[in-house]
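[1] attaching a predicted model along with its sequence, questions to come.
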Amino acid sequence: MRIFYIVGGYYIVSVILIINFINNMPLLLFIAMLYILPLVVNCWAVGKNKDLAKVTSISFPAIAVLAYYITAIFLNSSSKWKIFVENNTVTQGDYSIKIQSDLASFSQVLFVVILYYSVALMFYLIMRRKGR
């Protein structure tokens, strides 16, 4: 049960950091905090709680999606997000980086749901196979 508090605490701190420091955050750090670190935290938490691997493989991605959605709602309602998008949209010749202006759009949330749950499912299946 303690692992749920640790994961929940991580997501609370993560949401607060992203919302408050978005203007000073490099794009790669933002991507890492919003997309990559939740995957690492979820896999670590599922690995630590092998007895409840099925439950945690479902619940931790759900917590991550909720944290993503809360972050997206707060950022979309803030002027900080528009400034972040403007500062990090780059076009040079054939090279272009464009950031979605609405993090809470259906396509963005669907991407996050698929990303978090597919990695959780793969990690669960790998753990299960190694456990045999």
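    Yep, that arrived.

[2] how distant is the helix ranked longest in the chain from the center of its chain?
    Taking DSSP state H as the assignment, the helix of the chain that covers the most residues is helix 106-131. Remark: helix 106-131 is offset 12 Å from the chain centroid, using Cα atoms, centre = their mean, to the nearest Å.

[3] just checking, what packs against that helix?
    Here helix 106-131 touches helix 37-48, helix 53-76, going by 3 or more Cβ pairs under 8 Å, 6 or more residues apart in numbering; DSSP states H and E. All C-beta atoms are positioned from the backbone trio N, CA, C, and that covers glycine.

[4] how many degrees apart are the longest one and helix 106-131 in direction?
    In this case it means helix 53-76. Relative orientation of helix 53-76 versus helix 106-131 (axes from the mean of the first three to the mean of the last three Cα atoms, to 10 degrees): 160 degrees.

[5] the inter-axis angle of helix 53-76 versus helix 37-48?
    Using the same axes, to 10 degrees: helix 53-76 against helix 37-48 is 160 degrees.

[6] so residue 30 touches residue 18, yeah?
    Yes - Residue 30 is within contact range of residue 18, at 7.1 Å (criterion: Cβ atoms under 8 Å).

[7] more neighbours, those two?
    residue 18 (22 against 16; other Cβ atoms under 10 Å).

[8] mean pLDDT added to the helices and strands packed on helix 106-131, as TSV?
    Listed next are the helices and strands packed on helix 106-131 as TSV, based on pLDDT from 0 to 100:
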stretch	mean pLDDT
helix 37-48	89
helix 53-76	91
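
[9] what bits of this protein have low per-residue confidence?
    Low-confidence segments of the chain (pLDDT under 70): 131-132.

[10] centre of the chain to the helix or strand containing residue 16, how far?
    Element membership for residue 16, per DSSP states H and E: helix 2-21. Between the centre of helix 2-21 and the centre of its chain there are 11 Å (Cα atoms, centre = their mean).

[11] now it: buried residues?
    For helix 2-21, burial by neighbour count (16 or more other Cβ atoms under 10 Å) applies to 4, 7, 10-11, 14-15, 18-19.

[12] thank you kindly, that will do.
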